[in-house]
Each structure stands twice: as C-alpha cells, then as structure tokens.
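>>> structure for this input, please:
(2 chains)
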Amino acid sequence: MTENAKPKLAMYWASSCGGCEISILNIHEKILIVDEVFDIAFFPCIADFKTKDVKGYPDGYIDVCLFNGAIRNSENEEMAHLLRQKSKVLVAYGSCSYEGCIPALSNLTTKQATLDTVFLDNPTIDNPEGILPQPRYEVPEGELELPVFYNTVKSLDQVVDVDYYLPGCPPEPPQIWAVLEIVVAALLEGAPLPPKGAIVGARDVAVCEECPLEKHEKTINRFYRPYEIIPEPGLCLLEQGLVCVGPATRAGCGALCPQVGMSCRGCYGPLDDVEDQGAKMLSAIASVIGVGDPSMEEDELEREIQAVVDTIPDPAGTFYRFSMAHSLLRRANLNGGNGKGEAK
Amino acid sequence: MNKQFEPVIVGFLCNWCSYRAADLAGTARIHYAPNMRPIRVMCSGRVDPQFVLKALREGADGVMIAGCHPGECHYVEGNIKTLRRFILLKKMLAQLGIEDERVQLIWASASEGIILAEAVNRMTEQIRALGPLNWQEKVLGGGNGHGHPAVIEPAQEAEEVLYD
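Got it, this is the predicted structure:
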C-alpha cells in the first residue's frame, strides 16, 4: 500500500447486482478525474483488496465510502459495520442500500420460501438430497462457515449510521458526477458538505415534472401490464393504463424510462416528507380509477371498483418495487416469524 | 388473573357524518366497546393510506375508516375516492399479511349512532378473536429501524441463528 496525501475512496457491494459499480464507470472519461483526485482504498469490483486490508486501516481512514447493496446476510451487515468504522463519510449508494430495492421484495415472503425456491423447487434444480446451505459445516479439515441468510432484507441505515443517500437503480451518471464534484470541492477546497442525512444527486420534485410526455386528466377503467399493450408514443403512460410510479417518485433521472415507453419503476424513491412511497402511489392510482359515481348502489359501486383493482395483479410488488425495506411496515407478516424469532 | 385482550382500534371518522354518529351514540347513551380511539378528519377521503400503515406499525390492532354513505358526501364524492383507495389498499394489505378484519370501512350517517356503535362492537370482537397485531415485536422483531438512522444491535440476527 503506497502512502500519499490523496483522499481515500472505497466502494463496496453488499446484496446488489453490480449495476452500481457499472454506473460509476458510466461517468466515462471523468473516471480519470476520480482516479486523479482519490486514492482507492477498497473496491472489490475493480481492485484486489481484501477485508483484512480494511480491518488494518485506522478508524476513519477512508474519506468517502460508497456502499451499495442491501443488507441480506450477516456478511453484508459485518461489512457495513466495518466500513462505517473505517469511513469518515458513508454514502448509501443506489436504491438497494438506500431502501432495499429488488432484494427487499423478498420481505413479502420468508427466508425459507426463498431458499426452497432457489435450492429445491425451481425446475432446473437437481438436488435429490435436498441440501441447503448451512451457516456452519464440519469437514475433516475443520469447520466451514457461511454467512447467515436473513429473513428480512434491511437498508443500510437500518444497521449503521448513514451520512448521505444517493438514490437510483442505478444512479444516473450526471447525478453521480454532481455528487463527486461536491465531495471533491469539500475535500480539496474546504467547501461545505450538504447536511447529514441529505438525499444527494436527486431533485425534490416528482418524475412527472421531468417527463415530457403529454398529460391530461386521467380516468382509467382498466390497468395494463407492460406486455399487454403497445403504448401510444408521446402520451402519458399512466393515462394509457400502465401503472407508472412517476407521481410518487423523486426526479433526478431525467424521466428516461417513460420516454422510451416503459412506465417509471420508482427507483429514485419517495419525495421529501413522504415516509412510504408505496402508500403514496396507491393513493395516486386509486384516484385515477374512473369508475364509480355517487348515484350507484353501494354493492354495484364496490363491484365496479373491485373489477378495476383486479387488473393490478401485484400492488405491493408494484408500488414498493424499490422501497419495501424502507416502507412503514418493512415486511409482510407471514407465519408470524421473521428469522429473528418471535418475541414471546 | 386472566386478562382479556383489549384491541386498540384507531378510528378515522369524517367530520360531517361518522363523527356526528359517534357524538349521537354518546348523547343517546348507547353502550358500546370502548376500544376505538376516534380521530376526526374532514372527510374519509382525507385518510392517506400512510395513516393506516403507520397506525398498524405503531401498535394499533385495527383501523376503522368511517364516512358518509355514498351519495351523501359533504364534498359530493370524497367517499367514492375513499372506497377506491380502500379496495386497492385491502388488496395490498392482504399481501402484507394483515388479516381482512383489521382494516374496515364503514358508512355511518349523522343519525346512525347505533350503526357506528354496532360496527365498533363487531370489529372489536373480530379483532379480539384474531389476537394482538403487535407489528413492532412480532414482525419487526423489536428493532425500530425505520427511516433515519435507527441503529440496531450488531449482527443480532446472526448471533441468534448461530448460537441458539
């Protein structure tokens, strides 16, 4: 390890897909500036550092740590604590570490159901003895350990203190660069950093605000899944019956998805002062349902509205696609257990 | 001594009909279960689904939303919006493992104190039969961990799995 005066940068992946690492490279030739300004202290995707190297650093040695990925198992949690201890500024980078993202959708089910699907039930599985990964296993050479797979996926701020949040799945390059510029200015010129806990690299308006598609008053009598219709270009997708999470999602991405005919998935998370993105989206969707008027009988009213609601097959998965771990309820109540054991 | 479980029901009652129905139930001295804690809102359409989820997370065993009958809303169709939202919310709550009886929508006009009181009685008994929800303890396992940095015990879950 060469010692120099450059600020130290780390990037770590917990339960993630690797897309966040790719997103860093998406800033193109500016990556050279990053290399010029920072010394990389830990970055398993691109450089050969080991956990023991990090353990050897003094506390606060890393200036900025970009932590992506959710907390899915005990190794993720251990690394979160280690990197928190070794970093001055810890950034929850990307939707997984900010609010759980796709991994946290498994909070709608149980650890057991996930393991059964992956190791036993999928049609391509060949596991006649039904072997499941064990946290501890005795072999002649000694004891082997695997991280413990948690029942509930957590966001980074549910296990350690987080300084900043950079939303997105993955964050968009111009936003990443904007944040790096702030950090570089702070480190090199002593410019002020944003207040702790700030959501950086995003705006405080909804995606609809950035979306150029033409919008009118919406009344929807049937919702469609993306494969069911080819949307008319230039027209608001929600108006066409595609569930677009844009109204309940923070802007910053430039509304890229709706512009190519894919309704907003919601990856930038909720807006300021909203605790629960899914609840807000549910509200928005319910208020564009077109059927039902006060002159109807109560039974008929319920029937008609129910028919429209039935065209949304998976409301929890749709409205909380990225924010399940950070939602008000955080997980489903299934069989009363969550891997932590029931409080008796 | 065996103590009976007393459910906590948070009630969102609309100003123009259901809150007045509750008032009437009081002035008419109708005896009914004391388990519902009424919160007055201007319209049942004011009830943000976040209110319902937050009540359930923070310790309520059930949530009652009460408004004017369809066609009688003070704001013409605020309650129709409530119904649309409620039907969608119920579908989502089922996915989150919250039993059907725990969140209910009822219509009670200003003259229907007895209907409101009966609904509270019925709901109280239904939830009593289900038992406590106790989301924090039973589902989240004690740690709050929501929103801004609530630090929970390090690797607590792993320790429990490994050493118990």
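
>>> can you give me the helices in the stretch 101-250 of chain A?
Assigned by DSSP state H, counting those that start in this stretch, the stretch 101-250 of chain A shows helices spanning A:111-116, A:173-189, A:207-210.

>>> these: which one's closest to chain B?
helix A:111-116 (9.9 Å; Cβ to the nearest Cβ). Bear in mind the C-beta positions are built from the backbone N, C-alpha and C, glycine included.

>>> what's the spacing between the closest one and its chain's center?
Centroid separation for helix A:111-116 versus its chain: 21 Å, with Cα atoms, centre = their mean, to the nearest Å.

>>> any low-confidence regions in chain B?
Along chain B, the model assigns pLDDT under 70 to residues B:1-2, B:142-164.

>>> deepest-packed of the helices of the stretch 101-250 of chain A, please.
For those, the largest average neighbour count (mean count of other Cβ atoms under 10 Å in any protein chain shown) is found in helix A:207-210, namely a mean of 19.

>>> what does the stretch 1-150 of chain A have sitting close to chain B?
Residues of the stretch 1-150 of chain A lying close to chain B by Cβ under 8 Å from any Cβ of the partner chain are A:S74, A:E77, A:E78, A:H81, A:L108, A:P135, A:R136, A:P147, A:V148, A:Y150.

>>> helix, strand, or coil at the second one?
Applying DSSP: H, G, I helix; E, B strand; the rest coil to A:E77 yields a three-state assignment of helix.

>>> dead centre of chain B: give me the residue that sits there.
B:V63 (0.7 Å; Cα atoms, centre = their mean).

>>> so which helix or strand takes in that residue?
strand B:62-67 (DSSP states H and E).

>>> could you point out the helix or strand that follows that strand?
helix B:78-95.

>>> chain center to that next one: distance?
Centroid separation for helix B:78-95 versus its chain: 13 Å, with Cα atoms, centre = their mean.

>>> ok and the helix or strand that comes right after it relative to strand B:62-67, angle-wise?
Next along the chain after helix B:78-95, taking DSSP H and E as the criterion, comes strand B:103-107. Angle, strand B:103-107 to strand B:62-67, by axes from the mean of the first three to the mean of the last three Cα atoms, to 10 degrees: 20 degrees.

>>> how about the strands of chain B, start to end?
Remark: strands assigned in chain B by DSSP state E are B:9-14, B:36-41, B:62-67, B:103-107.

>>> partner strands of the shortest one and their direction?
Pairing partners of strand B:103-107, with direction, according to DSSP bridges: strand B:62-67 (parallel).

>>> quick one on the thing from earlier: give the buried residues for the strand holding B:V63.
Within strand B:62-67, the residues that qualify as buried are B:G62, B:V63, B:M64, B:I65, B:A66, B:G67, counting by 16 or more other Cβ atoms under 10 Å in any protein chain shown.

>>> and those, which is closest to A:F223?
Closest approach between the buried residues of strand B:62-67 and A:F223, by Cβ to Cβ: B:I65, at 23.5 Å.

>>> just flag the most distant two among the residues of the stretch 1-150 of chain A next to chain B.
Farthest pair in these, by Cβ to Cβ: A:L108 and A:R136, 28.6 Å.

>>> more neighbours: which of these two?
Remark: of A:L108 and A:R136, A:L108 carries more neighbours, 18 against 11, as counted by other Cβ atoms under 10 Å in any protein chain shown.

>>> can you pull out the low-pLDDT segments for the stretch 151-300 of chain A?
Of all residues in the stretch 151-300 of chain A, none has pLDDT under 70.

>>> strands of that one, start to end?
Applying DSSP state E, counting those that start in this stretch to the stretch 151-300 of chain A gives strands spanning A:164-166, A:198-199.

>>> which of the ones you listed sits closest to chain B?
strand A:164-166 (9.8 Å).

>>> packing partners of that closest one?
strand A:87-93, helix A:173-189, strand A:198-199 (3 or more Cβ pairs under 8 Å, 6 or more residues apart in numbering or on different chains; DSSP states H and E).

>>> neighbouring contacts of the strand holding B:V63?
Outside strand B:62-67, the residues that touch it by Cβ atoms under 8 Å, 6 or more residues apart in numbering or on different chains are B:7-14, B:17-18, B:21, B:36, B:43-45, B:47, B:51-52, B:55-56, B:73, B:78-79, B:82, B:86, B:101-108, B:116, B:119-120, B:123, B:127, B:133.

>>> 7 Å - rerun?
With contact meaning Cβ atoms under 7 Å, 6 or more residues apart in numbering or on different chains, strand B:62-67 is reached by B:7, B:9-14, B:17-18, B:36, B:43-44, B:47, B:52, B:55-56, B:79, B:82, B:86, B:102-108, B:116, B:123, B:127.

>>> name the residue most distant from the centre of chain A?
A:S295 (43.6 Å).

>>> so how far is B:W107 from that residue?
Applying Cβ to Cβ, to the nearest Å, the value for A:S295 to B:W107 is 15 Å.

>>> same question for B:N121.
With Cβ to Cβ as the criterion, B:N121 and B:W107 are 16 Å apart.

>>> between the two, which one's more packed in?
B:W107 (24 against 16).

>>> what residues are up against A:Y61?
By Cβ under 7 Å, 6+ apart, the contact set of A:Y61 is A:K8, A:A41, A:K86.
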